[in-house]
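*Asks:* here is my input; please provide its structure:
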Amino acid sequence: MAQPPILSWEGLGLQQGGRWLFGGPGTDGLDLHIGPRDRLALIGRNGAGKTTLFRLIDQQIDPDRGLRKVKPGTRIVLLEQEPDLTGHATLMDWALSGEMPPAAHEVEAIAGQLGIDMATPTAGASGGERRRAAIARALAQDPDLLLMDEPTNHLDLAAIDWLEDWLSRYTGAFVVISHDRTFLKRLTNATLWLDRGMMRRKDVGFGGYEAWEEQVYAEEARNAERLDAKLKIEAHWLERGVTARRKRNQGRLEKLWQMRAQRAAMIGPQGSAKLELAVAEDFKSKSVIVADHVSKSFGERRIIRDFSLRIQRGDRIGVVGSNGAGKTTLLKLLTAEIAPDSGTVEISRKLSGVMIDQQRSLMAPDRTVRQVLAEGGDWIDVRGVRKHVQGYLKDFLFDPAIVDTKVGMLSGGERSRLLLAREFARLSNLLVLDEPTNDLDLETLDLLQEVIADYDGTVLIVSHDRDFLDRTVTLTLGLDGSGTVDIVAGGYEDWVARRRERNAAKAPARNERKPAAEAPRPSQPAPRSKLSYKDQRDYELLPARIDELDRAIARGEEILSDPDLFTRDPQRFATINQGLANARAEKDAAEQRWLELAELVEG
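*Replies:* Okay, here's the model as predicted:
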């Protein structure tokens, strides 16, 4: 490490619930060193102790062993996943509480950029409002070390972009726990892997984590085989299963590309679905939902405008857009929860849906895992097949021994995974997922991707997780708040590309000479440009730079597709991976800048 750490911990050990979570007998404990400019991804399965480690670093709890050293004057700030707002009337009251509260004007400045009114009462604040308030409070404290626990949960795409931009300019160190692969790939330069009570560190960003993980597991498997330690091999069933799932998911991704190509052939060049109202027989066999020229308003605001789409059995549809753009309204229209103001929505009579909402309302803390899954019994009916409840738990990456554990004792991620296990057991032909990736670890996301790919019915997904959408959906419905719904074959990145193309088409052609008749007369003042000189240059030059970055990203991704590169040349892998992260961040910033300028040009 080039500079001395601002925080280090040697031999860290903690007992929890009668067992050693870290640093048990016969081990040296965890060693942790954080440098002044580290951008660290903290990776580990749900229940591995990631959030607990944050609470130890923040001194909310005390360890049972270990030596902690902190550079004098270092300000450590924890952005909690679920902050406790009780006892405070408004979000601002809570933000200004604590031993070292931030300045009110700093909180207001950041809150304004995030679009949150800090005068909002805490009692009625939504998850997104609470998350934005927590971010404003944390960043306003000017931390030297920022600990972020699932910072993108409940944020919309615009807020995530803002946070990524802020962190890219931040001069301190941060450690982040997140399921958002895109967020991690863009921002981190090193990885901490918390695994079975041990801490590993690799100075490579999250983009190189999966290759590193498989390398470690492969070496462990070889060691276990050399020792003929069958019990050790059995103990690794979970990790081996995860590796196998990743390989299977590569095949599923190939299938997804084929499905997207088929769906693209059904969509017109302007993005309007080719709506062909099916006869009754065909409707029963193929179409499950048909929306025809649907519009919906609330008061004077038009939420959905002239939307038409035929949803077929097997479609995986992602719904994206900023908070308030109309995603929930569109979902309710498609599932007949609300009626359109005009147009029609026809739904198959045999449609049977399962809704998994982001509130996780079914997880009562006093119920046991057995009661949630099997009503207290030993067997569960999984889509018509009888399975033992402990065997089914293994399918969802649980230790079967937790079967009689109360839900309240599980982590947020484990509760989310338990809800998925419960709901996926039910027979259905429509699955509606509202922010399904909140609180899930990366391995569970791999499992969820697998389950969705194998699901026989239709899936509607509302999510701000860009990577997850790119891995799962065949069709994306993008809302920008104007009432128009973009219909794009593919995932989130395909929708972003469509928006860029549309804005480029709207903008006036650059360097195009106007006919003489259109030139202003000498007696009339020429219209004043809406752009400054710098803005005008950016507007003209950014498209070429974006194309250049696209080509650089494609070249880097092609090189990293070599499965042996990490093992053969880890330094080159790390360099290319970091270059990719920088190129993606620059491309996103350039696209955002150009779109803002295009809006000014369009007036």
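*Asks:* from residue 400, how far off is residue 381?
*Replies:* Distance, residue 381 to residue 400, by CB to CB, to the nearest Å: 18 Å. All C-beta atoms are positioned from the backbone trio N, CA, C, and that covers glycine.
*Asks:* the nearest residue to residue 425 once chain neighbours are set aside bridge partners, please.
*Replies:* Take residue 425 and drop its neighbours on the chain: the residue closest to it by CB to CB, 6 or more residues apart in numbering is residue 382, 4.6 Å away. Beta-bridge partners recorded for residue 382 (DSSP bridges): residue 385.
*Asks:* give me the distance from stretch 89-106 to the chain's centre.
*Replies:* 28 Å (CA atoms, centre = their mean, to the nearest Å).
*Asks:* where does pLDDT dip in the stretch 351-500 of the chain?
*Replies:* 356-362 (pLDDT under 70).
*Asks:* which parts of it are strands?
*Replies:* Counting by DSSP state E, counting those that start in this stretch, one finds strands in the stretch 351-500 of the chain at the ranges 353-356, 379-382, 385-388, 430-434, 458-462, 475-479, 485-489.
*Asks:* mind putting those in TSV, distance to residue 421 and mean neighbour count included?
*Replies:* Below are those laid out as TSV (distance: least, CB to CB, whole Å; neighbours: other CB atoms under 10 Å):
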stretch	distance to residue 421	mean neighbour count
strand 353-356	11	17
strand 379-382	9	16
strand 385-388	11	12
strand 430-434	14	21
strand 458-462	17	23
strand 475-479	27	24
strand 485-489	31	23
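*Asks:* contacts for stretch 205-213?
*Replies:* Contacts to stretch 205-213, defined as CB atoms under 8 Å, 6 or more residues apart in numbering, come from residues 39, 41, 43, 181, 184-185, 187-191, 193, 202, 204, 246, 560, 563, 565-566, 573-574, 577-578, 580-581.
*Asks:* my error: substitute stretch 155-174 in the last question.
*Replies:* Here stretch 155-174 makes contact (CB under 8 Å, 6+ apart) with 6, 34-40, 113-115, 128, 131-132, 135, 139, 143-148, 151-152, 180, 183, 186-187, 320-323, 325, 464, 466, 585, 588-589, 592.
*Asks:* one more pass at 7 Å, please.
*Replies:* 6, 34-39, 113-114, 128, 131-132, 135, 139, 143-146, 148, 151-152, 183, 186-187, 320, 322-323, 464, 585, 589, 592 (CB atoms under 7 Å, 6 or more residues apart in numbering).
*Asks:* list buried residues within these.
*Replies:* 6, 34-36, 38-39, 113-114, 128, 131-132, 135, 139, 143-146, 148, 151-152, 183, 186-187, 320, 322-323, 464, 585 (16 or more other CB atoms under 10 Å).
*Asks:* out of these, which sit inside helices?
*Replies:* For those, the ones inside helices are 113-114, 128, 131-132, 135, 139, 183, 186-187, 585, with DSSP state H as the criterion.
*Asks:* can I get the strands of the stretch 351-500 of the chain in TSV with distance to residue 161?
*Replies:* Converted to TSV, those look like this (distance: least, CB to CB, whole Å):
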stretch	distance to residue 161
strand 353-356	26
strand 379-382	40
strand 385-388	43
strand 430-434	21
strand 458-462	18
strand 475-479	15
strand 485-489	18
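*Asks:* out of the ones you listed, which gets nearest to residue 64?
*Replies:* Across the strands of the stretch 351-500 of the chain, residue 64 has its closest neighbour in strand 385-388 (36.7 Å, CB to CB).
*Asks:* now do the same end-to-end measure for stretch 374-385.
*Replies:* 13 Å (CA to CA, to the nearest Å).
*Asks:* chain center to stretch 317-334, what's the gap?
*Replies:* That offset, for stretch 317-334, works out to 17 Å (CA atoms, centre = their mean).
*Asks:* reformat the ones in helices among the buried ones among the contacts of stretch 155-174 as TSV; add pLDDT and distance to residue 545.
*Replies:* TSV is the format used below for these (pLDDT from 0 to 100; distance: CB to CB, whole Å):
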residue	pLDDT	distance to residue 545
113	90	25
114	90	28
128	84	33
131	92	33
132	93	31
135	96	30
139	96	29
183	94	23
186	92	18
187	94	21
585	79	13
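*Asks:* out of these, which is nearest to residue 504?
*Replies:* Distances from residue 504 to those, taken by CB to CB, are shortest for residue 585, at 21.3 Å.
*Asks:* for the closest one, list the residues it contacts.
*Replies:* Taking CB under 7 Å, 6+ apart, one finds 168, 186 in contact with residue 585.
*Asks:* what about 10 Å?
*Replies:* 164-165, 167-168, 185-187, 549 (CB atoms under 10 Å, 6 or more residues apart in numbering).
*Asks:* please pick the buried ones from the residues you listed.
*Replies:* Here, 16+ other CB under 10 Å leaves 164, 167-168, 185-187, 549 buried among the contacts of residue 585.
*Asks:* now the ones in helices among the buried ones among the contacts of stretch 155-174 in a markdown table, with distance to residue 426?
*Replies:* Shown next, in a markdown table, are those (distance: CB to CB, whole Å):
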| residue | distance to residue 426 |
| --- | --- |
| 113 | 42 |
| 114 | 38 |
| 128 | 29 |
| 131 | 30 |
| 132 | 34 |
| 135 | 36 |
| 139 | 42 |
| 183 | 32 |
| 186 | 37 |
| 187 | 38 |
| 585 | 41 |
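*Asks:* the contacts of stretch 205-213 in helices, which ones?
*Replies:* Using DSSP H, those in helices are 181, 184-185, 187, 246, 560, 565-566, 573-574, 577-578, 580-581.
*Asks:* just the buried ones from these, in PyMOL syntax?
*Replies:* A single PyMOL command selects the buried members of the ones in helices among the contacts of stretch 205-213 (16+ other CB under 10 Å):
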select buried, resi 181+184+185+187+246+560+565+566+573+574+577+578+580+581
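*Asks:* for the ones in helices among the contacts of stretch 205-213, give me CSV that also has distance to residue 80.
*Replies:* Below are the ones in helices among the contacts of stretch 205-213 laid out as CSV (distance: CB to CB, whole Å):
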residue, distance to residue 80
181, 22
184, 19
185, 24
187, 19
246, 30
560, 34
565, 38
566, 34
573, 34
574, 31
577, 30
578, 29
580, 31
581, 26
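*Asks:* show me the shaky parts of the stretch 101-250 of the chain.
*Replies:* 224-250.
*Asks:* could I get the full set of strands for it?
*Replies:* 145-149, 173-177, 190-195, 198-202.
*Asks:* could you export those as JSON lines, including distance to residue 309?
*Replies:* Formatted as JSON lines, the strands of the stretch 101-250 of the chain follow (distance: least, CB to CB, whole Å):
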{"stretch": "strand 145-149", "distance to residue 309": "37"}
{"stretch": "strand 173-177", "distance to residue 309": "37"}
{"stretch": "strand 190-195", "distance to residue 309": "41"}
{"stretch": "strand 198-202", "distance to residue 309": "45"}
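*Asks:* right, and those strands - which one's nearest residue 495?
*Replies:* strand 173-177 (25.3 Å).
*Asks:* who does that closest one pair up with?
*Replies:* Strand 173-177 is paired, per DSSP bridges, with strand 39-43 (parallel), strand 145-149 (parallel).
*Asks:* how far away is residue 143 from residue 136?
*Replies:* Residue 143 is 13 Å from residue 136, by CB to CB.
*Asks:* which secondary structure element contains residue 93?
*Replies:* Using DSSP states H and E, residue 93 sits in helix 91-95.
*Asks:* for that helix, C-alpha coordinates in CSV please.
*Replies:* Extracted C-alpha coordinates of helix 91-95, given in CSV (Å, rounded to 0.1, in the frame of the first residue of the first chain):
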residue,chain,number,x,y,z
LEU,A,91,-35.9,14.1,7.9
MET,A,92,-33.9,17.2,8.7
ASP,A,93,-34.4,16.8,12.4
TRP,A,94,-32.9,13.3,12.1
ALA,A,95,-30.1,14.4,9.7
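*Asks:* which strands and helices sit next to it?
*Replies:* helix 104-114, helix 127-140 (3 or more CB pairs under 10 Å, 6 or more residues apart in numbering; DSSP states H and E).
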